[in-house]
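Chemist: I'd like to go over a predicted model; first the sequence, then the structure.
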Amino acid sequence: MTTTPSRSVMEIPAPDGWPAPPDPAAYHGLAGAIVERLEPNTEADPVAILTQLLIACGAMIGHQAFFQVEATRHHPNEFVLLVGDTAKARKGSSFDHVARLLTDAHPSFPSRVTTGLSSGEGLIWAVRDPQEQDPGAHDKRLLVVEPEFASVLKATSREISTLSPTLRSAWDGRPLALLTRTAPATATSAHIAIIGHITQTELARHTTTVELANGFLNRFLICACRRVRLLPEGGDPDPLKGTGLAQYLAAVLTHADARRQITLADDARELWWHAYPQLTQPLDGLAGHITARAEAHTIRLALLYALLDSHTQIRSEHLHAALALWDYTSRSARWALGQATGDPLAEQLHAALIRAPDGLTRTQLSHHVHRNLPADQLDRALQALTAAGRARHTKITTGGRPAERWHASLPA
């Protein structure tokens with residue numbers, strides 16, 4: 001007798017230490033309604049769908065809308081890093097739903113999406129101004145999707161790379177310039193948003209004190225995401241069909257593109273004055289460096305929520321939503337980088353120790369990373385791992401001077 005397997009949804013509990021979900025206030029308005037319809041039909045984390053939907057919509061809204069703080073204009077372009085296991089976090093699946101919706105709402109969306117962040121020169125060229133015989137880029141809106149963001153972090157660490165300063169200027173909304181003798185190019189009013197995917201191990205390994213000090217990584221929201229349920233046959237292939245949400249989003253994006261300055265409503269201003277001092281309080285460690293732009297990210301998220309509500313002012317509900325999502329990304333940063341050292345050599349040694357359950361001697365560690373590694377560099381890296389609670393050592397009795405065997409350990 002053949003039995004039919006149960007078709008009930010199989011929810012996956014969060015692993016130990018995983019950040020608690022964002023407050024429901026984050027799922028405000030149109031974005032929340034879209035996620036609500038998509039969520040039961042995908043294994044992807046709803047917060048991954050939400051953040052990528054917001055960033056993609058911000059990319060399509062363009063450079064016209066802004067919120068002004070003193071002389072600085074914040075536009076609805078944001079950068080986000082989704083952090084989760086390579087194959088199991090469903091980061092790509094979550095973006096596929098967003099891409100399909102945006103394509104239905106705005107047929108030009110696929111032409112505004114690119115990948116392959118390898119140099120600042122290439123990015124500037126994609127949004128360049130017209131010059132002489134070169135017509136330049138007709139549309140300055142660009143969404144960069146990087147499924148392997150570790151390669152971007154590697155590229156920014158090279159001394160001659162222009163990628164990090166170019167991306168920092170792009171997030172700030174400053175003019176971009178490529179000054180070469182053969183093909184000089186500038187890009188004014190460029191509107192660039194970024195969605196990156198990375199694992200927690202890769203983020204810890206490639207997060208260096210240099211990129212933290214120069215403010216590159218704190219221009220990114222960090223969003224922990226995972227597979228939340230098992231759907232062996234998948235969900236509804238077109239869960240938004242018949243809802244009218246794509247058509248409504250199309251009208252909202254067209255309306256938002258014509259907006260100019262967005263201001264704070266009175267109720268939001270009171271909430272902002274209350275929240276602002278808390279947002280400016282730094283966290284400890286690497287997570288503190290990577291969340292140093294809390295107030296700027298929060299106001300940009302609030303701007304996005306207001307624009308998707310077709311409002312000319314940021315209201316208290318938009319600010320509540322932004323604060324809820326920022327709170328989750330802040331906790332995600334602490335989860336992802338709470339025990340990271342910021343030392344690439346230490347992270348490389350830790351990766352080697354994880355692959356060696358029986359441990360490695362100092363000599364073996366030195367040979368693993370570099371046969372001529374100076375002893376003082378090895379000492380500093382091992383001390384950093386010990387201080388973070390990620391490595392420990394034992395003494396080995398030998399015929400002469402006792403040796404050390406090092407093991408990876410779980411932090412307290």
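Modeler: Perfect, I can see it now.
Chemist: Ile198 versus the residue lying closest to Gln348 once chain neighbours are set aside, what's the distance?
Modeler: Nearest residue to Gln348 in three dimensions, chain neighbours excluded: Val369, at 5.4 Å (CB to CB, 6 or more residues apart in numbering). From N, CA and C alone the C-beta is placed, and that goes for glycine too. Here Val369 is placed at a distance of 22 Å from Ile198 (CB to CB, to the nearest Å).
Chemist: out of the two, which sits in the more crowded spot?
Modeler: Taking Val369 and Ile198 together and counting by other CB atoms under 10 Å, Ile198 has the greater number of neighbours (28 against 16).
Chemist: From Asp134, how far off is the nearest residue to Asn77 once chain neighbours are set aside?
Modeler: Here the nearest residue to Asn77 in space, its sequence neighbours aside, is Ala193; by CB to CB, 6+ apart that works out to 4.5 Å. Distance, Ala193 to Asp134, using CB to CB: 24 Å.
Chemist: on that earlier part again, tell me how many other residues surround the residue nearest to Asn77.
Modeler: Residue neighbour count, defined by other CB under 10 Å, stands at 27 for Ala193.
Chemist: after the helix or strand harbouring it comes which helix or strand?
Modeler: Element membership for Ala193, per DSSP states H and E: strand 191-198. Using DSSP H and E, the helix or strand that directly follows strand 191-198 along the chain is helix 200-206.
Chemist: Is the residue nearest to Asn77 in contact with Gly62, as I believe?
Modeler: No. Applying CB atoms under 8 Å as the test, Ala193 and Gly62 come out as separate, 10.4 Å apart.
Chemist: show me what contacts the residue nearest to Val113 when sequence neighbours are not counted?
Modeler: Counting by CB to CB, 6+ apart, Val113 lies nearest to Leu143, which is 4.9 Å off, once chain neighbours are set aside. Applying CB atoms under 8 Å, 6 or more residues apart in numbering, we find Leu143 in contact with Ile55, Ala56, Ala59, Met60, Arg112, Val113, Thr114, Ile192, Ala193, Ile194, Ile195.
Chemist: From those residues, list the buried ones, please.
Modeler: If you count burial by 16 or more other CB atoms under 10 Å, the buried members of the contacts of Leu143 come out as Ile55, Ala56, Ala59, Met60, Arg112, Val113, Thr114, Ile192, Ala193, Ile194, Ile195.
Chemist: If you compare the directions of whichever strand or helix holds the third one and strand 191-198, what angle comes out?
Modeler: The one in question is Ala59. Ala59 belongs to helix 46-61 when assigned by DSSP H and E. The directions of helix 46-61 and strand 191-198 differ by 160 degrees, with axes from the mean of the first three to the mean of the last three CA atoms, to 10 degrees as the criterion.
Chemist: Which helix or strand lies directly C-terminal to helix 46-61?
Modeler: From helix 46-61 onward toward the C-terminus, using DSSP H and E, the following helix or strand is strand 67-69.
Chemist: Tell me the buried residues in that next one?
Modeler: When burial is assessed from 16+ other CB under 10 Å, strand 67-69 yields the following buried residues: Phe67.
Chemist: for that strand, packing partners?
Modeler: Other elements packing on strand 67-69 under the criterion 3 or more CB pairs under 8 Å, 6 or more residues apart in numbering; DSSP states H and E are strand 72-74, helix 294-308.
Chemist: In the protein, what helix or strand scores lowest on average pLDDT?
Modeler: Between all helices and strands in the chain, the lowest mean by mean pLDDT, DSSP states H and E belongs to helix 209-213, at a mean of 65.
Chemist: Wait, Ala346 touches Leu382, no?
Modeler: Yes. Taking contact to mean CB under 8 Å, the distance of 7.5 Å between Ala346 and Leu382 places them in contact.
Chemist: other SSEs contacting the longest helix seen in the chain?
Modeler: With DSSP state H applied, the helix covering the greatest number of residues in the chain is identified as helix 316-337. Packing partners of helix 316-337 (3+ CB pairs under 8 Å, 6+ apart): helix 46-61, strand 79-83, helix 200-206, strand 220-224, helix 266-279, helix 285-290, helix 294-308.
Chemist: Can you show me the CA trace of the fifth one as CSV?
Modeler: These are the backbone C-alpha positions of helix 266-279, laid out as CSV (Å, rounded to 0.1, in the frame of the first residue of the first chain):
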residue,chain,number,x,y,z
ASP,A,266,5.7,66.3,13.2
ASP,A,267,5.0,62.9,14.8
ALA,A,268,8.1,61.4,13.2
ARG,A,269,10.3,64.4,14.3
GLU,A,270,9.4,63.7,17.9
LEU,A,271,10.3,60.0,17.5
TRP,A,272,13.5,60.8,15.6
TRP,A,273,14.7,63.1,18.4
HIS,A,274,14.1,60.3,20.9
ALA,A,275,15.8,57.6,18.8
TYR,A,276,18.7,59.6,17.5
PRO,A,277,20.9,59.6,20.7
GLN,A,278,20.4,55.9,20.9
LEU,A,279,21.5,55.3,17.3
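Chemist: Can you convert the helices and strands packed on helix 316-337 into CSV and add a column each for mean pLDDT and distance to Ala391?
Modeler: Listed next are those as CSV, based on pLDDT from 0 to 100; distance: least, CB to CB, whole Å:
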stretch, mean pLDDT, distance to Ala391
helix 46-61, 97, 32
strand 79-83, 96, 22
helix 200-206, 85, 13
strand 220-224, 96, 24
helix 266-279, 96, 34
helix 285-290, 79, 17
helix 294-308, 97, 31
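Chemist: chain center to stretch 126-142, what's the gap?
Modeler: The gap between the average C-alpha position of stretch 126-142 and the chain average comes to 27 Å, counting by CA atoms, centre = their mean, to the nearest Å.
Chemist: ditto for stretch 224-244
Modeler: Going by CA atoms, centre = their mean, the spacing between the C-alpha centre of stretch 224-244 and its chain's C-alpha centre is 22 Å.
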